[in-house]
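Undergrad: here is my input, please return the structure:
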Amino acid sequence: LGRASVAIGDGASAEKELRRAIELGVDSGEVLVDLGRALLQQRKFDLVLTEIVTDAANEADQIDVLRIRAEALLGLGRPAEARESFSQVLALDASDLEAKLGIVNTYIAERAVLNARETLNQILADHEDYIPGLQLSGVLSMQLRDANRAIVDFGRAAELARASGDTRNEIAALYGLTDANFSQAKSDEVRPIIERMQELAPDDSRTLMTIARLAAADKDWVAAQENLQKVLRQSPDSQPAQTLMGAVQLESGNLRQAEMYLSAAVAAGPGNTLARRLLAETRLALNKAEAARQVLEPLTSGANTDTVSLLMAAAASLRLGEVDAAVELLERSVAADPASIDLKMRLAIAYFKNGQLDEVRRVVDSMPDMSGESNEFRRDMLLVFTQMAD
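TA: Modelled structure (predicted):
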């Protein structure tokens, strides 16, 4: 029963049954690998390193244990140690593809994406139909902002999985394929993929999440909410679902609900840039300017050149009456994107509010000819008010 639970991904039940089996007299070494996998499924990485240790004469068990420990080290953010453990696996079996992919994952964890790509290309050169390798290549391509290659890799992985009747890998590849298409705003390409996902696993959280994303792209907020609620019932801590639910609630005008979901997403994933921006937008709509500025702080501190976040933080500062701070943020945004007329216009208006009239003229003079454009009226009115203020 413990092994069956591991096979279907129910780590908690698997751990319970395997520990009970040991209590009833089963040699712990006999179920060590299964217990390690159950602990990995529950992200109990420290327990893996404490309990899953063996000097068994059985080489297969040694390899499995080394691989499990390597995955735990990766989960704990120790990629160099994980790579050493994967290398030990390859010393015992140089053909172990899982260990080779594990090494790729250690490079990805270290943000050494060029090393990751080079190593992965070597694997795929020898094993071009290796489905997990193609899927990881798709993931890596998305990180490198190469959606076209990701589409090719995920599509090939889905074809191979379907041909071999591998439902688990097919649904994973299809999910990656929808993500790559969404990144290029190819919603129509996603529709037939969803039909296949519904055939395979209609209640899978990835299927429901994809349906919700398509509904959001179609501005069908009701359908998006319904499917996201199903996802969150299955996975209450899903950051992508929390973030998208927050965005949907914001678009629907439910600001309190949006703030709740987005706050949860930011708390769970402090590096979730999209959730931070949406939360700041929500708080500005709720007239919580100081709270909006605080949530944007990690995105605007230091030498950050995120113009969207800088602009939102400037808006928060203006609402708080802190014009000097707003001017400084807008100056940074213009420095990051000097060709943007809109940013220059906003900076000139901030200078005007701060009484820096010579700076207003300097910025306006740096703008190109805008004859017949909507910004021409804004510029001319700004110059009129600047003359009046003089």
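Undergrad: secondary structure element for T386?
TA: Taking DSSP states H and E as the criterion, T386 maps to helix 374-389.
Undergrad: how about that helix: buried residues?
TA: For helix 374-389, burial by neighbour count (16 or more other CB atoms under 10 Å) applies to 378-379, 382, 386. The way it works is simple: take the backbone N, C-alpha and C, and place the C-beta from them, glycine included.
Undergrad: now, which of the residues you listed sits nearest D46?
TA: Distance to D46 across these (CB to CB) is lowest for R378, with 58.3 Å.
Undergrad: quick one, what contacts the closest one?
TA: R378 is in contact with M345, counting by CB atoms under 8 Å, 6 or more residues apart in numbering.
Undergrad: quickly note the distance from it to E297.
TA: Using CB to CB, to the nearest Å, R378 is found at 30 Å from E297.
Undergrad: also D204?
TA: From D204 to E297 the distance is 37 Å (CB to CB).
Undergrad: and those two? which has more neighbours close in?
TA: Per other CB atoms under 10 Å, whichever of D204 and E297 has more neighbours is D204, with 19 against 12.
Undergrad: phi first, then psi, for the more buried one.
TA: phi -70, psi 140 (degrees, to the nearest 10).
Undergrad: tell me the contacts of it?
TA: Taking CB under 8 Å, 6+ apart, one finds 171, 197 in contact with D204.
Undergrad: measure it to I194 for me?
TA: In terms of CB to CB, D204 sits 12 Å off from I194.
Undergrad: now swap in L174 and tell me
TA: Applying CB to CB, the value for L174 to I194 is 9 Å.
Undergrad: likewise A267?
TA: A267 sits 31 Å away from I194, going by CB to CB.
Undergrad: those two: who's more crowded?
TA: Here A267 and I194 are compared on neighbour count by other CB under 10 Å; more neighbours surround I194, at 16 against 12.
Undergrad: do I have it right that that one meets M209?
TA: No: contact criterion CB atoms under 8 Å: I194 and M209 do not qualify, at 10.6 Å.
Undergrad: give me the low-pLDDT residue ranges for the stretch 251-390 of the chain?
TA: Confidence mapping of the stretch 251-390 of the chain against pLDDT under 70 gives the ranges 303-305.
Undergrad: show me where it has helices.
TA: Remark: helices assigned in the stretch 251-390 of the chain by DSSP state H, counting those that start in this stretch are 255-268, 273-285, 289-300, 307-319, 323-336, 341-353, 357-365, 374-389.
Undergrad: same check, this time on the stretch 51-200 of the chain
TA: 59-75, 79-92, 97-109, 113-126, 131-143, 147-163, 167-183, 187-200.
Undergrad: can I get those helices in CSV including mean pLDDT and distance to R361?
TA: Below are the helices of the stretch 51-200 of the chain laid out as CSV (pLDDT from 0 to 100; distance: least, CB to CB, whole Å):
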stretch, mean pLDDT, distance to R361
helix 59-75, 91, 57
helix 79-92, 94, 53
helix 97-109, 95, 50
helix 113-126, 94, 46
helix 131-143, 95, 45
helix 147-163, 96, 44
helix 167-183, 95, 42
helix 187-200, 96, 46
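Undergrad: for Q257, which of these is the nearest?
TA: helix 167-183 (23.3 Å).
Undergrad: how about that closest one: buried residues?
TA: Those would be 169-182, for helix 167-183 by 16+ other CB under 10 Å.
Undergrad: got the CA coordinates for that helix in CSV?
TA: The C-alpha trace of helix 167-183 is given here as CSV (Å, rounded to 0.1, in the frame of the first residue of the first chain):
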residue,chain,number,x,y,z
THR,A,167,-0.5,9.9,-19.7
ARG,A,168,1.5,11.4,-16.8
ASN,A,169,4.2,12.8,-19.0
GLU,A,170,1.8,13.9,-21.7
ILE,A,171,-0.3,16.0,-19.4
ALA,A,172,2.9,17.6,-18.1
ALA,A,173,4.2,18.4,-21.6
LEU,A,174,0.8,19.8,-22.7
TYR,A,175,0.8,22.1,-19.6
GLY,A,176,4.2,23.4,-20.6
LEU,A,177,3.1,23.8,-24.2
THR,A,178,0.1,26.0,-23.1
ASP,A,179,2.4,28.1,-20.9
ALA,A,180,4.7,28.7,-23.9
ASN,A,181,1.8,29.7,-26.1
PHE,A,182,0.3,32.0,-23.5
SER,A,183,3.6,33.7,-23.2
